[in-house]
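Enquirer: mind folding the following:
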Amino acid sequence: MIPDKAPGEHVLHASGDLKKEAHIPSFEKYKELYIRSVESPEEFWGDVAKDFFWKTKYTGKFLDYNFDVTKGEIFVKCMEGATTNICYNVLDRNIYEMKLGDKVAFYWEGNEPGDEKTVTYRELLQQVCKFANVLKSQGVKKGDRVSIYMPMVVELVVAMLACARIGAVHSIVFAGFSAESLCERIMDSQCCILITADGFYRGDKLINLKLIADEALQKCRDKSFTVEKCIMLKHLTKEDEAWSGSLSPPAKRACPDLLQSSHFPFFHLNLFLAHLDISTLLQGVLFEGLPTYPDVSRMWEIVDKYHISKFYTAPTAIRLLMKYGSEPVQKYKRTSLKILGTVGEPINPEAWQWYYSVVGEKRCPVVDTFWQTETGGHVMTPLPAATPMKPGSATFPFFGVVPAILNESGEELEGPSEGYLVFKQPWPGVMRTVYGNQERFETTYFKKFPGYYVTGDGCRRDKDGYYWITGRIDDMLNVSGHLLSTAEVESALVEHEAVAEAAVVGRPHPVKGESLYCFVTLNDGINYNQKLEGELKKQVREKIGAIATPDYIQNAPSLPKTRSGKIMRRVLRKIACNERDLGDVSTLADSSVIEQLFDNRCCTAV
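Expert: This next block holds a predicted model:
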């Protein structure tokens, strides 16, 4: 699975200085620890667990599981019987045992330059305790669900940790989602309280969160579900408020938080900037704004300002910044940078090289991480000082993770190969279920290939054993690091009275990774025009959110279908990309549809 020795050709290595500081300084050390993690998980993870406070120890087997639906219910049990409190571990212990009370837990950088806050561990604990008491005063108790719909503000972290402190389950809803999407997620979690904010700026655009939340709560009431309480953060100034008047079905994954901190286990007390993720207390900078506001140098200005040592963002952001060349980057020194990270979607080698050469000046390794919400942390990733890098490859598995590549028949492929990426055994952070829907959990992740956790991603393994994530192979699209359900977008389009049928596929995009290419078949007597096109885009925005706005909408009087009536999406993807080699179309019911669709292709985004 992992080569005995790291390849010496066509790879890039970390600097010697980095190796001196790293916990895992060599490929040989990585392999030694990896083998221990998969062959002796109790011993390996038991050592990791020693760094945490445990109120009660586990009893019985350290790890027990079933990944095979033919043998009964899917389950993962790890350290069963052990109890702790993650908030106590990340705050109280750092303050009282590590004596870090006056150390900075994180910096907050607002949308506007100069809008900033510094939060120490002690200050954060005080705020968390206060808000935990607020939640308790509102009747929130252990096991209750709390929905959080907020921008990247200090109070977001406070709310998350307060929930953890009292044992409530928090569900974070991306602040870019629409009222309809928020409503679905509220109902899915059956939360008793919603925490939101009045609004926030994203660049120069004001997002009125309260209006969206109000609409979502009304939609919930219309569906016979009432959220009992709502807490709103006053984030906008009075001047902001004066302007505000002008303005996939979700799955709740039940994942443990124990090992979140182990995925960047490289240095102590260095600053970490994660442009996309909400990651609690990684000694970092929480950034509310856009990477291009007020100008395209904003990220690098922040790096110098806070002496950031680790910078973590998505390929979408990298490709966006690439468009402006190296000059905005080179305006700033960036000498504090030690590690660059990328996440959210596969990164193309060109973007990787620019990131490595221009941003990192060929001295900072690029940690190309592959993980999912469901996995609870990284599952494929280079270790900065240990893993020789290949541009665009997620390299090798993280500790405890045993990957395999399967063909369509479910057979494991050896050596250089390409197919479905699956995992053969669990690790402590993997999801336990889809909240309230065990059947969906088993169907989505285990039914296709019994005995394996199915990621839904394609993967290629090269001759050196390196893994390359090739992208989604199910009905999901990865747009700017956000997974969107094609079925959800299609459903939103078909809800328009003019649309009889819709099919949505992905088309490569130089910045977003994938763009949404939509084929719509209209009802009889309806003519396709720009007005209708605008209505369809608005419909999708309102139902799902701006992130799902179609890039291309093509009028399709007919769609390519098999004789049994199944839409041939593979063919539609070829048409969207103007690729004439369609492969086997022998099952196509009406071949004349193909040429008509090619003739009517959208050449420019709508």
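
Enquirer: below-threshold pLDDT in the stretch 501-606 of the chain: ranges please.
Expert: 563-565, 586-587, 604-606 (pLDDT under 70).

Enquirer: show me where it has strands.
Expert: 513-522, 552-555 (DSSP state E, counting those that start in this stretch).

Enquirer: who does the longest one pair up with?
Expert: With DSSP bridges as the criterion, the sheet partners recorded for strand 513-522 are strand 499-509 (antiparallel), strand 552-555 (parallel).

Enquirer: out of those strands, flag the one nearest Asp188.
Expert: Among the strands paired with strand 513-522, strand 499-509 comes nearest to Asp188, with 22.2 Å by C-beta to C-beta. Quick note: C-beta positions are derived from backbone N, CA and C, even for glycine.

Enquirer: can you give me the buried ones in that closest one?
Expert: Val499, Glu501, Ala502, Ala503, Val504, Val505, Gly506, Arg507, His509 (16 or more other C-beta atoms under 10 Å).

Enquirer: need the CA coordinates for that strand. PDB is fine.
Expert: In PDB, the C-alpha atoms belonging to strand 499-509 read as follows (Å, rounded to 0.1, in the frame of the first residue of the first chain):
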ATOM      1  CA  VAL A 499     -40.000  23.800 -16.700                       C
ATOM      2  CA  ALA A 500     -41.100  20.200 -17.400                       C
ATOM      3  CA  GLU A 501     -37.700  18.500 -16.800                       C
ATOM      4  CA  ALA A 502     -34.200  19.400 -15.900                       C
ATOM      5  CA  ALA A 503     -30.800  17.800 -15.800                       C
ATOM      6  CA  VAL A 504     -27.700  19.300 -14.200                       C
ATOM      7  CA  VAL A 505     -24.100  18.300 -14.800                       C
ATOM      8  CA  GLY A 506     -20.700  19.800 -13.900                       C
ATOM      9  CA  ARG A 507     -18.400  21.600 -16.400                       C
ATOM     10  CA  PRO A 508     -14.800  22.400 -15.500                       C
ATOM     11  CA  HIS A 509     -14.200  25.900 -14.400                       C
END
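
Enquirer: contacts for that strand, please.
Expert: Under the criterion C-beta atoms under 8 Å, 6 or more residues apart in numbering, residues 472, 477-479, 486, 489-490, 493-494, 514-523, 536, 550-552, 556, 559, 567, 569, 572-573, 576-577 lie in contact with strand 499-509.

Enquirer: and if you look at stretch 442-449?
Expert: So stretch 442-449 is contacted by 67-69, 73-74, 251, 374, 406, 410, 420, 422, 434, 452-454 (C-beta under 8 Å, 6+ apart).

Enquirer: tell me which residue lies farthest from the centre of the chain.
Expert: In terms of distance from the mean C-alpha position of the chain, Gly525 ranks first, at 42.2 Å (C-alpha atoms, centre = their mean).

Enquirer: how near is that one to Glu43?
Expert: Noted for Gly525: a distance of 71 Å to Glu43, by C-beta to C-beta, to the nearest Å.

Enquirer: so can I have JSON lines of the strands paired with strand 513-522 showing distance to Ala385?
Expert: Below are the strands paired with strand 513-522 laid out as JSON lines (distance: least, C-beta to C-beta, whole Å):
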{"stretch": "strand 499-509", "distance to Ala385": "33"}
{"stretch": "strand 552-555", "distance to Ala385": "44"}
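
Enquirer: mind checking the end-to-end distance for stretch 458-472?
Expert: Using C-alpha to C-alpha, to the nearest Å, the end-to-end distance of stretch 458-472 comes out at 6 Å.

Enquirer: just give the closest residue to the spatially most central residue of the chain, not the sequence neighbours.
Expert: The residue lying closest to the centre of the chain (C-alpha atoms, centre = their mean) is Gly344, at 5.3 Å. Leaving aside its chain neighbours, Gly344 sits nearest to Gly481 (3.0 Å; criterion: C-beta to C-beta, 6 or more residues apart in numbering).

Enquirer: just give me the neighbour total for that neighbour.
Expert: 19 (other C-beta atoms under 10 Å).

Enquirer: returning to that earlier point: restricted to buried residues, select the contacts of strand 499-509 in PyMOL.
Expert: Buried members of the contacts of strand 499-509 can be picked out in PyMOL with the line below, counting by 16+ other C-beta under 10 Å:
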select buried, resi 472+477+478+479+486+489+490+493+494+514+515+516+517+518+519+520+521+522+536+550+551+552+556+559+567+569+572+573+576
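
Enquirer: wait, Lys424 sits on Ile405?
Expert: No - applying C-beta atoms under 8 Å, one finds Lys424 not in contact with Ile405, separated by 11.1 Å.

Enquirer: more crowded one of those two?
Expert: Ile405 (21 against 14).

Enquirer: fine, thanks again, bye for now.
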